[in-house]
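**Q** I'll drop the sequence and a predicted model, then ask my questions.
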Amino acid sequence: TNLVTLEDHVVAVWNQAGERRGSFHRRIERFLDAKISADGSQVLILSDNGTAWIWHWESDHAIPLIGEQTAVFAGELNPSAQQAVTGSEQGIVRAWNTETGEELANFSCSGAITHLQYDSAGRFLLVISDENSGFVLDANSLQVSAKIKTANQRFRRGRFGSSGKYVLTYRSRGKQLCCWDAGSGELVSQVECPPGRISVAVDDVSTNAVVSSDEAGLFVWRFVDGAIERLAAGRYFSADFIGTEGRIAAATALPISTAHHLLRSQDPEFKPQVLEFWDPDQEVPEREIPVRGRAIRQIRAGPKAKVLLVSELNFGFAVFDSETHEQVGSVRAHAAPISFAQFSPDGSRIVTCSWDMTVMIWDAKSFQLLNTLSGHQAPILAAALSSDGKSLATAGRDGKVLLWSLDQQQPIARLEGLSAPVLGCSFSAFAARLTAHAADGTWRVWDTATGNQVDMPSYDQKMRFVKYQPAGSRLLLCPDQSADRYDVGVVAADG
């Protein structure tokens, strides 16, 4: 069984052992989506400049499908024929022969094409546009078999249900989940949509769908009956059915938005992401797998549910030449936004810290990952690298401060004294002392050799900013705005 992974400019195929079998690169076009055929031999790749490709990865032969001048937002491979379809921003659907790249048929409607899906037999094609329209087409001729058009039920996404008997429509953020008869286009049922950004997956052997919401939880939607029941509270990014007994795999949500990658920095319910496996008849998951260093945004069951296709969010960094302004290299690094990035003093390494609770150390020339450090239980908000490049301090949203030697895998000290999110930290000369300040105005100084707090007479005063003099021993203190005075003070090493 092969898996396909997608990055901005690279699509790769991997086997079950985690070995890369092939890769497809483009520098100019940005890839929007990639889908692998049922037999695993072909990959449909969509881009933002109007070109799509059928990539026969075993022979490394790519067939361009050129029909548009705008982004190709939707595409699908026929599960039972050598055929693919693409849908563009201009409202045009084109059917292609995947062996020759020949255009077989086309269909047009008003609005951009937002979703395409074949039924499980490959006989019909579901087309959804952004102007609240849905069409069921004959897969070969692209002639209209049924039309869904309504002013009351708004949608931009759709899925076949029960092997093509029904069409389910929804918006990623909407008010209604609707079920339609695929033969007549008539409305069968509708229910209120859970709040938040949702995703929907359908069980082909029943009349159930699973709805995941990044605000309200995990739901089972019995779409013919017009009923929806909450399976679990919490925040979920994606879910799908696995096997033939209605079991569900679900990924909980990170404190970021899938649409805009926005931080939910004040989310009190933040927890590390977990992959859960559910029996819908039970009240708790059958199994939970913690996910560290990854940011799952979508999961889809593979053929016969032997594998799960997992797509991820990645947050990286780029290095530029300061004279030529040319990009030297870039890395898709962390599973959440990066909160700290710095070269080591000798320029040989790059250290990054992230909301995914990990520290990564990179070779500054090859951009190869040298090491990953894990020890935090909450997002890392601040960090400091010592002047000799040997010591690192990291501070989390839970107030925990860890001291590291970059040559060791585990933290050498866990520094206590703060409980609010830590906004900054810094070393004194020779990394002899470390200071950190938190969002509630509290601050502390520690002796790095012992890990003990250093007594300072100003601890009772709330500080907005605390920082050591570079390569020195004096502290710069800026009182919190709630204080009566706004003096900035410089404090000697003895307090």
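**A** The structure has been received and is ready for your questions.

**Q** shouldn't G375 be in contact with Q409?
**A** No - taking contacts as C-beta atoms under 8 Å, G375 lies outside contact range of Q409: 9.4 Å. Quick note: C-beta positions are derived from backbone N, CA and C, even for glycine.

**Q** higher neighbour count, the two?
**A** Of the pair G375 and Q409, G375 is the one with more neighbours under other C-beta atoms under 10 Å, namely 17 against 11.

**Q** How about the more buried one, nearest residue that isn't a chain neighbour?
**A** Closest residue to G375 apart from its sequence neighbours, by C-beta to C-beta, 6 or more residues apart in numbering: P411 at 4.9 Å.

**Q** Dump the one helix or strand L126 maps to to CSV, restricted to CA.
**A** Following DSSP states H and E, one finds L126 within strand 124-129. Taking C-alpha atoms only, strand 124-129 is exported to CSV below (Å, rounded to 0.1, in the frame of the first residue of the first chain):
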residue,chain,number,x,y,z
PHE,A,124,-21.7,9.3,-11.5
LEU,A,125,-19.9,12.6,-10.6
LEU,A,126,-20.9,15.1,-8.0
VAL,A,127,-20.1,18.7,-8.8
ILE,A,128,-20.4,21.6,-6.3
SER,A,129,-19.9,25.3,-7.2
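
**Q** Okay, now the unreliable bits of the stretch 351-495 of the chain?
**A** Scanning the stretch 351-495 of the chain for pLDDT under 70 picks out the ranges 481-488, 493-495.

**Q** how does it look with 50?
**A** Low-confidence segments of the stretch 351-495 of the chain (pLDDT under 50): 483-485.

**Q** Show me the strands in it, by range?
**A** Using DSSP state E, counting those that start in this stretch, the strands of the stretch 351-495 of the chain run over 358-363, 369-374, 380-385, 391-396, 401-405, 413-415, 422-427, 433-438, 443-447, 463-468, 475-479, 489-491.

**Q** tell me which residues of the fifth one are tucked away?
**A** To tie it back to what came earlier, the one meant is strand 401-405. For strand 401-405, the neighbour count (16 or more other C-beta atoms under 10 Å) marks 401-404 as buried.

**Q** Check which element follows the strand holding L126 along the chain.
**A** For strand 124-129, the succeeding helix or strand toward the C-terminus, using DSSP H and E, is strand 133-138.

**Q** Does anything pack onto that next one? Which helices or strands?
**A** strand 124-129, strand 144-149, strand 166-170 (3 or more C-beta pairs under 8 Å, 6 or more residues apart in numbering; DSSP states H and E).

**Q** looking at those strands, which has the lowest confidence?
**A** Across the helices and strands packed on strand 133-138, strand 144-149 has the smallest mean pLDDT, namely a mean of 88.

**Q** residue ranges with poor pLDDT in the stretch 151-300 of the chain?
**A** Those would be 257-268, if you go by pLDDT under 50 across the stretch 151-300 of the chain.

**Q** rewinding a little: neighbouring strands - and their directions - for the strand holding L126?
**A** The strands beside strand 124-129 in its sheet (DSSP bridges) come out as strand 113-118 (antiparallel), strand 133-138 (antiparallel).

**Q** Which strand residues bridge A74?
**A** When assigned by DSSP bridges, A74 has beta-bridge partners G87.

**Q** same question but for A251, I mixed them up
**A** Residues in beta-bridge contact with A251 (DSSP bridges): S238, L275.

**Q** and G399, what does it touch?
**A** Counting by C-beta atoms under 8 Å, 6 or more residues apart in numbering, G399 touches 418-422, 438.

**Q** Out of those, grab the one that's most surrounded.
**A** Ranked by neighbours (other C-beta under 10 Å), the contacts of G399 are led by V422, which has 28 neighbours.

**Q** pretty sure L125 is in contact with V136, am I right?
**A** Yes - in this structure, L125 is within contact of V136 by C-beta under 8 Å, at 7.4 Å.

**Q** which residues are in contact with both of these two?
**A** Overlap between the contact sets of L125 and V136, as judged by C-beta under 8 Å, 6+ apart, is nil.

**Q** any idea how far D39 lies from F124?
**A** Applying C-beta to C-beta, to the nearest Å, the value for D39 to F124 is 21 Å.
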